[in-house]
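Asks: Here you go, sequence then predicted model.
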Amino acid sequence: MTPQTTHVFHRHLHTTLPVAVSGRGVTITDSQGRQYIDASGGAAVSCLGHGHPDVLAAMHAQIDRIAYAHTSFFTTEVAEALADDLIAHAPTGMSHAYFVSGGSEAVEAALKMARQYFVEIGQPQRSHFIARRQSYHGNTLGALAVGGNQWRRAQFAPLLMDVTHVSPCYEYRDRRPDETAEQYGQRLVLELAQAIDRLGGENVIAFVAETVVGATAGALTPVPGYLKGVRDLCDRHGILLILDEVMCGMGRTGTLHACEQEGVVPDLMTIAKGLGGGYQPIGAVLAQKRIVDTFAKGSGLFQHGHTYLGHAVACAAALAVQQVIRRDDLLAACRRQGEGLANRLQQRLGEHPHVGDLRGRGLFRGIELVRDRATKTPFDPALRLHARIKREAMTRGLMVYPMGGTIDGQQGDHVLLAPPFTVSEADLDAIVDRLAQAIDAALASTH
Ligand code: PLP
């Protein structure tokens with residue numbers, strides 16, 4: 001399929017894409033019979049791999065009953081069952097799930113839910129969000145506004161609401177040699193406190209952050225105590241904490257929610273990707289009871305909604321994905337195989353002259369590439385090293401999720417790995433082997 005022979009408005013108009021015709025387990029096969037190990041789960045989506053029989057059976061069963069019933073007329077048994085399931089395993093105090101069709105929609109809904117909450121409780125002056133640089137929260141205008149990725153924002157900047165961006169928690173680049181990790185975290189909390197003071201705490205709706213940063217910075221994990229400090233600070237000012245776990249959540253880091261590992265409970269949490277595992281487009285906002293009660297006792301209406309909210313087949317797929325994860329103890333598998341992946345990466349790439357940092361949790365692993373390890377100098381963004389790595393990996397039958405080194409000119413190119421939780425030892429061997437080859441081939445191609 002070349003750009004001249006397609007009527008699909010592909011994002012990359014100069015790229016010729018292979019045609020995926022089937023997927024089983026961790027492998028996708030194209031129309032030429034070539035096979036690819038899905039080491040990124042697409043974009044950290046396919047947590048169960050492809051073609052899982054139990055998920056397909058649940059979807060078929062739901063289609064046979066009813067595929068779609070608009071939520072202004074009906075609820076469905078399956079939407080109720082999925083919400084029950086999510087809330088039973090949600091962080092403390094979460095009482096309801098608001099369903100949408102993906103991550104950006106979840107973020108939009110969370111932003112509006114947070115704003116309306118303050119209107120409902122008589123604080124309509126709160127109109128400002130604070131978020132972080134080197135974050136990605138989706139491509140719709142609200143989500144793009146809270147996101148800090150300059151490259152994605154640049155041409156749409158005049159359309160975006162005014163959001164204050166503070167530093168991300170980026171230990172590899174920003175922790176000073178004279179600081180402990182904890183002190184670094186405290187410094188970041190202080191920076192946030194200063195931003196809040198400048199805006200006036202009473203004017204801020206929420207602080208929005210990915211618990212573990214995915215798409216812009218390759219599995220950046222928070223330092224100990226940082227998010228707890230953020231939580232306390234938000235509480236002191238009555239500001240909501242929205243954690244975006246669209247990419248890092250639903251088991252990807254080895255616990256169902258990444259915030260469990262921080263001992264932090266958000267007011268609103270967005271989930272998507274691994275919720276439906278790619279079998280259907282679905283996301284959700286999980287909300288604290290206090291917020292939902294406010295709506296219930298107040299206007300009685302969340303003024304927001306989309307046509308496919310709570311789609312029955314999407315809910316059936318997500319419920320089946322979550323049940324399989326629990327039944328097959330796949331969070332433990334994610335932790336175990338995640339360690340195995342980290343060890344293999346360390347062995348093979350730990351001393352590589354152009355690998356600056358290996359990081360992540362569970363089966364969410366990032367590799368940051370640098371021109372110079374000692375100075376952490378990134379490669380020239382014009383080289384598009386990340387894109388070269390992706391290409392070289394694809395020719396070796398490997399899917400990885402690369403990111404450019406263009407953001408604020410501060411960071412290097414990254415590769416993100418997020419294979420299905422069902423990935424085997426042999427798959428991990430092949431993933432690391434092919435990735436190491438692809439990195440070297442991509443580097444050689446820049447000379
Ligand atoms: N939030 C985060 C943290 C993400 O990583 C993404 C997508 O990568 C989104 C939101 C947007 O999700 P979607 O692409 O499903 O709209």
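Replies: Arrived safely, thanks for sending. All of these numbers come straight from a predicted model, not from anything done at the bench. Numbering: from 1, shown residues only.
Asks: So which bits of the protein are right by the ligand?
Replies: 43, 102-104, 107, 136-138, 210, 214-215, 244, 246-247, 272 (CB under 6 Å from any ligand atom). In short, each C-beta sits where N, CA and C put it, glycine included.
Asks: Quick check, the residue in the protein closest to the ligand?
Replies: Residue of the chain nearest the ligand, by CB to the nearest ligand atom: Gly103 (2.1 Å).
Asks: The residues of the chain next to the ligand in helices, which ones?
Replies: Secondary structure from DSSP state H places Ala43, Gly103, Ser104, Val107 of the residues of the chain next to the ligand in helices.
Asks: Now pLDDT and neighbour count too, for the residues you listed, in CSV please.
Replies: Shown next, in CSV, are these (pLDDT from 0 to 100; neighbours: other CB atoms under 10 Å):
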residue, pLDDT, neighbour count
Ala43, 97, 17
Gly103, 98, 29
Ser104, 98, 23
Val107, 98, 31
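Asks: Which of the residues you listed sits closest to Leu341?
Replies: Among these, Ala43 lies closest to Leu341 (CB to CB), at 17.6 Å.
Asks: ok, and the closest non-adjacent residue to the closest one?
Replies: Spatially, and ignoring its direct neighbours in sequence, Ala43 is nearest to Tyr401 (5.8 Å; CB to CB, 6 or more residues apart in numbering).
Asks: low-confidence ranges in the stretch 301-447 of the chain?
Replies: Scanning the stretch 301-447 of the chain for pLDDT under 70 picks out the ranges 405-411.
Asks: right, I mislabeled it, should have said the stretch 51-200 of the chain
Replies: Looking at the stretch 51-200 of the chain by pLDDT under 70, you get an empty list.
Asks: Going by distance to Glu191, which of the residues of the chain next to the ligand wins?
Replies: Proximity of the residues of the chain next to the ligand to Glu191 was ranked by CB to CB; the top entry is Glu210 with 17.2 Å.
Asks: any idea of the pLDDT on the closest residue to that closest one other than its chain neighbours?
Replies: If the residues on either side of it in the chain are set aside, Glu210 comes closest to Asp244, at 4.8 Å by CB to CB, 6+ apart. Looking at Asp244, its pLDDT reads 98.
Asks: beta partners of Asp244?
Replies: Beta-bridge partners of Asp244, counted by DSSP bridges, are Glu210, Thr270.
Asks: Could I get the buried residue list for stretch 150-158?
Replies: Neighbour counts over stretch 150-158 (16 or more other CB atoms under 10 Å) mark Gln150, Arg152, Arg153 as buried.
Asks: May I ask which helix or strand encompasses Ala426?
Replies: helix 425-445 (DSSP states H and E).
Asks: So which of the buried residues of stretch 150-158 sit within strands?
Replies: The strands, defined by DSSP state E, take in nothing from those.
Asks: related to what we said a few turns ago, what residues does the residue nearest to Ala43 make contact with?
Replies: Ser40, Ala43, Ala44, Ala215, Val415, Leu416, Leu417, Ala418 (CB atoms under 8 Å, 6 or more residues apart in numbering).
Asks: What separation is there between the nearest residue to the last one once chain neighbours are set aside and Gly274?
Replies: Excluding its sequence neighbours, the residue lying closest to Ala418 (CB to CB, 6+ apart) is Ala44, at 3.8 Å. Distance of Ala44 to Gly274, given as CB to CB, to the nearest Å: 7 Å.
Asks: so what's in contact with these two at the same time?
Replies: Joint contacts of Ala44 and Gly274 (CB under 8 Å, 6+ apart) are Arg252.
Asks: which of the two has more neighbours?
Replies: Gly274 (30 against 26; other CB atoms under 10 Å).
Asks: Skip the chain neighbours and tell me the closest residue to the residue nearest to the spatial centre of the chain.
Replies: Central residue of the chain (CA atoms, centre = their mean): Met247, 1.8 Å from the mean position. In space, and not counting its chain neighbours, Met247 is closest to Gly214: 3.5 Å by CB to CB, 6+ apart.
Asks: was I right about the one you found contacting Leu416?
Replies: Yes. The pair Gly214 and Leu416 qualifies as a contact (CB atoms under 8 Å) at a distance of 6.6 Å.
Asks: which one of these two has more residues nearby?
Replies: More neighbours surround Gly214 than the other of Gly214 and Leu416, with 29 against 26 (other CB under 10 Å).
Asks: Contact partners for that one?
Replies: Gly214 touches Ala44, Tyr136, Met247, Cys248, Phe364, Leu416, counting by CB under 8 Å, 6+ apart.
Asks: Just say helix, strand or coil for the nearest residue to Val265 once chain neighbours are set aside.
Replies: With sequence-adjacent residues excluded and distances taken as CB to CB, 6+ apart, Val265 is closest to Pro91, at 4.4 Å. What DSSP: H, G, I helix; E, B strand; the rest coil gives for Pro91 is coil.
Asks: residue contacts, Pro91?
Replies: Pro91 is in contact with His257, Cys259, Glu260, Val265, Pro266, Met269, Leu286, counting by CB under 8 Å, 6+ apart.
Asks: re earlier: and the residue nearest to Ala418, how far is that from Leu416?
Replies: 7 Å.
Asks: What distance separates the opening and closing residues of stretch 83-95?
Replies: Start-to-end span of stretch 83-95 (CA to CA, to the nearest Å) is 9 Å.
Asks: Can you point out the buried residues in that stretch?
Replies: For stretch 83-95, the neighbour count (16+ other CB under 10 Å) marks Ala83, Asp85, Leu86, Ala90, Pro91, Met94 as buried.
Asks: Same question for stretch 419-436.
Replies: Using 16+ other CB under 10 Å as the test for burial, stretch 419-436 gives 419-423, 427-428, 430-432, 434-436.
Asks: Strands along the stretch 1-150 of the chain, start to end?
Replies: Counting by DSSP state E, counting those that start in this stretch, the stretch 1-150 of the chain has strands at residues 20-24, 27-30, 35-38, 94-100, 128-132.
Asks: What helices and strands are in contact with the second one?
Replies: If I follow you right, that is strand 27-30. When contacts are defined as 3 or more CB pairs under 8 Å, 6 or more residues apart in numbering; DSSP states H and E, strand 27-30 sits against strand 20-24, strand 35-38.
Asks: quick one: contacts for the residue nearest to Glu210?
Replies: Applying CB under 8 Å, 6+ apart to Asp244 gives the contacts Gly103, Val107, Ala110, Ser135, His137, Val208, Ala209, Glu210, Thr211, Met269, Thr270.
Asks: To what extent is Gly225 buried, counted in neighbours?
Replies: Around Gly225 there are 18 residues (other CB under 10 Å).
Asks: domain parsing for the chain?
Replies: Using the TED database, the domains assigned to the chain come out as 20-51+331-445, 53-328.
Asks: Check the gap between the residue nearest to Glu210 and Leu13 for me.
Replies: For Asp244, the distance to Leu13 - CB to CB - is 29 Å.
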